[in-house]
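> build the 3D model from these lines:
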Amino acid sequence: MLTSSQLLAAVPGALDTVDLTGFGPKDQGKVRDIYRLGDRRLLITTDRVSAFDRVLGLIPYKGQVLNQLAAWWFEQTADLVANHVVAVPDPNVMLVHEAQALPVEVIVRGYITGVTSTSLWTLYSQGVPRPYGLDLPPGLRKDAPLPEPVITPTTKAEKGQHDERLTPDEVVSRGLVAPDLWAEVQRVALALFRRGQNVARQGGLVLVDTKYEFGLLEGKVVLIDEIHTPDSSRYWIADTYDAQIAAGQEPENFDKEFLRKWFVDQGYRGEGPIPPMPPDFVVQVAARYIAAYEKLTGQDFVPGELPAAGRIARSLADKQPLTTDR
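The predicted structure follows:
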């Protein structure tokens, strides 16, 4: 683990955006810069952090953690489903095949939780019949494990709009995904989640829920985007979970919710001026991301040199990822 002084020293060098001459055009997502290269994409994971559908600031090494952790997970799950990765030539960079993304994001939940009006726990506690089309047993407590993981899919939100919640049956009935393909996607998603639960448990974490994105490459299902990172998944700390539940407390988050909660505590919920994050809090968040990487992989996080556009371009040229295939 990097020390607090090392993290603090890295705060001013956090990666906001990258412009690579000759690698255009560029699309900018909330946390990535994306370059289209024919039938491939160059993903550069920045240190931008997002919540409430807005970019809130920069966390040093966050991009490297997400990029390296996602790449590690793609390797760990390649026996379950193919993925879109071609090469990982830089700590912040991933070269991927251009895949046709399915119009549905697959949310797998292992626990019944949530505080919003549309959360699974809220609907269940209000007595809504079959929330998200699920048959749940009576008597479940908030933040308790579900008897089996469940899938609550959503549409992929257009920019400026929220995801539309779906039942698994609606994915087929509305013609979003063909029946046989949807059956395969659900089977793979549940297998991925079980793998993720086992790895998290070994690292002292609880995988609560997660989002998977799938695409089609040459007619076959592939895993795309990122998986089981602190941005795409919710984790709790295993050692404190039982005591916190027994005391009626919310389990402690070990993911992006830690950052989101800080903003809520400052009175910010997505509107108005964004409160600036003090350096000591930025360091806390960076340490959480790095710790998540180390707990899940069992490896020390070894950061690359703080990124610069020229260095990334040289890295790409040296390793010639555009001619590398797998």
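> what sits up against the host helix or strand of D169?
Using DSSP states H and E, D169 falls within helix 168-173. With contacts defined as C-beta atoms under 8 Å, 6 or more residues apart in numbering, helix 168-173 is touched by V104, Y132, G133, I151, T152, P153, L176, V177, A178, P179, W182, Q186. No exception for glycine: its C-beta is placed from N, CA and C like everyone else's.
> so for it, what gets flagged as buried?
Residues of helix 168-173 classed as buried: P168, E170, V171, V172 (neighbour count, 16 or more other C-beta atoms under 10 Å).
> okay if I get these as CSV plus distance to R288 and pLDDT?
Output for the buried residues of helix 168-173, formatted as CSV (distance: C-beta to C-beta, whole Å; pLDDT from 0 to 100):
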residue, distance to R288, pLDDT
P168, 32, 95
E170, 36, 96
V171, 34, 97
V172, 38, 97
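> now those residues as a markdown table including distance to L123?
Shown next, in a markdown table, are those (distance: C-beta to C-beta, whole Å):
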| residue | distance to L123 |
| --- | --- |
| P168 | 15 |
| E170 | 16 |
| V171 | 19 |
| V172 | 22 |
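> roughly how far does the residue positioned nearest the centre of the chain sit from D242?
Of all residues in the chain, the one closest to the mean position by C-alpha atoms, centre = their mean is S232, 1.8 Å from it. Distance, S232 to D242, by C-beta to C-beta, to the nearest Å: 26 Å.
> ok, now S5?
35 Å.
> also G267?
Per C-beta to C-beta, G267 is found 32 Å from D242.
> check contacts around I274.
I274 neighbours (C-beta under 8 Å, 6+ apart): R54, L56, G57, F263, Y268.
> mind checking the pLDDT average for the helix or strand containing the third one?
G57 is part of strand 54-58, with elements assigned from DSSP H and E. When the per-residue pLDDT values of strand 54-58 are averaged, the result is 95.
> not counting sequence-adjacent ones, nearest residue to N67?
T45 (4.2 Å; C-beta to C-beta, 6 or more residues apart in numbering).
> and the pLDDT for that neighbour?
For T45, the predicted pLDDT is 93.
> contacting residues around L8?
P279, D280, V283.
> at 7 Å what do you get?
P279, V283 (C-beta atoms under 7 Å, 6 or more residues apart in numbering).
> next, it: phi, psi?
phi -60, psi -40 (degrees, to the nearest 10).
> quick check: K211 touching R234?
No - K211 is beyond contact range of R234, at 9.6 Å (criterion: C-beta atoms under 7 Å).
> how far away is the closest residue to G57 other than its chain neighbours from A286?
Once flanking residues are discounted, G57 sits nearest to M277: 5.0 Å by C-beta to C-beta, 6+ apart. According to C-beta to C-beta, M277 and A286 sit 11 Å apart.
> with P91 instead?
15 Å.
> quick one, which of those two is more surrounded?
A286 (25 against 21; other C-beta atoms under 10 Å).
> what strand or helix carries the more buried one?
Per DSSP H and E: helix 279-297 holds A286.
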